[in-house]
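Asker: Any chance you could fold what I've pasted below:
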Amino acid sequence: MNENDNYIRQIVAQHTPNITYVAQDKINELRPHIHAWANGHAYILKLSGSLAKGTGITGTTDIDLFISLDPSVSTCNTLENVYNTLRNRFNGAGYTAREQNVSVGINHTGLKMDIVAGVKHHMLGLDHSIWKRKAQTWTKTNIDEHIKHVKNSGRVFDIKAVKIWRKLRNLDFPSFYLELSVMEALKGTSLLGFSPSENFVKVMNYLANDFMDKTILDPANQSNEVSDELTDAEKTKVKDAAVATLQGAWNQAIW
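Answerer: Sure thing, here's the model as predicted:
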């Protein structure tokens with residue numbers, strides 16, 4: 001292993017969070033609010049996002065919570081109403097709820113928590129419909145498939161390195177889009193005896209040269225273009241940051 005590989009492994013280790021053990025406690029503390037909001041409808045709470053995938057880093061890792069609602073909810077609520085009432089419930093409970101694209105964000109005992117509510121398509125399935133606030137429409141998603149897709153990719157370490165890079169530059173680059181982009185950039189690269197530094201450079205080259213024009217699809221819903229989450233102007237900022245990184249030294253790439 002070369003000096004650059006040792007450096008990047010050390011940096012990723014330093015940025016690896018140790019809050020997974022508190023996540024379930026925090027979720028349980030929110031159960032009374034969610035139970036009241038569900039108003040008798042059946043639901044299941046799931047840990048989702050970077051903690052569930054193993055791709056979280058310190059300083060940006062939220063506790064992501066997914067509320068899986070029984071299909072019967074759709075008979076008396078629109079998806080927009082599901083989203084709005086969830087936001088209103090937390091505002092009414094004394095939180096300042098942040099309206100995000102598909103999630104409602106709150107700060108709970110010093111931790112950021114992002115909460116998404118989805119309505120199951122079928123009782124025995126895992127596909128859900130969720131509301132997309134920015135586009136004012138719904139989309140199909142499968143949180144369980146997303147978690148499995150990323151965890152089994154063999155690219156968790158590389159994703160964490162790029163998330164550190166994103167954090168240090170304060171880039172708007174949604175996590176799932178980033179995760180899928182890293183996987184795309186390293187497609188065909190061996191998982192055996194991989195070089196962390198070589199993989200990082202490959203991802204930077206991808207972001208600098210191919211990212212802008214690449215369509216990234218949701219692996220659980222091929223009609224959902226994840227790459228639409230950023231505008232061309234926002235993508236250009238990611239590209240420009242990658243170009244600058246390739247021109248600098250390792251200790252200026254991530255630290």
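Asker: in the stretch 1-150 of the chain, which spans are helices?
Answerer: Per DSSP state H, counting those that start in this stretch, the stretch 1-150 of the chain carries helices over the ranges 3-14, 20-38, 49-53, 79-92, 143-151.
Asker: quick one, which of these is packed in tightest?
Answerer: Comparing those by mean neighbour count (mean count of other Cβ atoms under 10 Å), helix 49-53 ranks first with a mean of 22. In this view, the C-beta of every residue, glycine as well, is placed from N, C-alpha and C.
Asker: Contacts for that helix next, please.
Answerer: For helix 49-53, contacts defined as Cβ atoms under 8 Å, 6 or more residues apart in numbering pick out 19-20, 23, 46, 56-57, 61-64, 114, 146-147, 150-151, 156, 163, 175, 179.
Asker: ok, 7 Å please
Answerer: For helix 49-53, contacts defined as Cβ atoms under 7 Å, 6 or more residues apart in numbering pick out Thr20, Ala23, Gly56, Thr61, Asp62, Ile63, Asp64, Asp114, Ile147, Val150, Lys151, Ser175.
Asker: Ile63 is in contact with the second one, correct?
Answerer: Yes - under the criterion of Cβ atoms under 7 Å, Ala23 lies in contact with Ile63, with a separation of 5.1 Å.
Asker: Next, the nearest residue to Gly154 once chain neighbours are set aside: secondary structure please.
Answerer: Once flanking residues are discounted, Gly154 sits nearest to Leu191: 4.3 Å by Cβ to Cβ, 6 or more residues apart in numbering. Three-state assignment for Leu191 (DSSP: H, G, I helix; E, B strand; the rest coil): coil.
Asker: Please tell me how far Leu191 sits from Ala93.
Answerer: 45 Å (Cβ to Cβ, to the nearest Å).
Asker: Compare those two (neighbour count), which wins?
Answerer: Neighbour tally, Leu191 and Ala93, criterion other Cβ atoms under 10 Å: the higher count belongs to Ala93, 14 against 9.
Asker: what about the strands in the stretch 101-250 of the chain?
Answerer: In the stretch 101-250 of the chain, the strands defined using DSSP state E, counting those that start in this stretch lie at 104-108, 111-120, 128-132, 137-141, 217-218, 221-225.
Asker: Turn those into TSV, including mean neighbour count, mean pLDDT and distance to Asn6.
Answerer: Output for the strands of the stretch 101-250 of the chain, formatted as TSV (neighbours: other Cβ atoms under 10 Å; pLDDT from 0 to 100; distance: least, Cβ to Cβ, whole Å):
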stretch	mean neighbour count	mean pLDDT	distance to Asn6
strand 104-108	19	96	37
strand 111-120	22	94	32
strand 128-132	21	95	42
strand 137-141	17	92	39
strand 217-218	17	96	36
strand 221-225	12	91	38
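Asker: Would you point out which residue is most central in the protein?
Answerer: Ser175 (3.7 Å; Cα atoms, centre = their mean).
Asker: what sits against that residue?
Answerer: Ser50.
Asker: How about Val12?
Answerer: Counting by Cβ under 7 Å, 6+ apart, Val12 makes contact with Phe157, Lys160, Ala161, Ile164.
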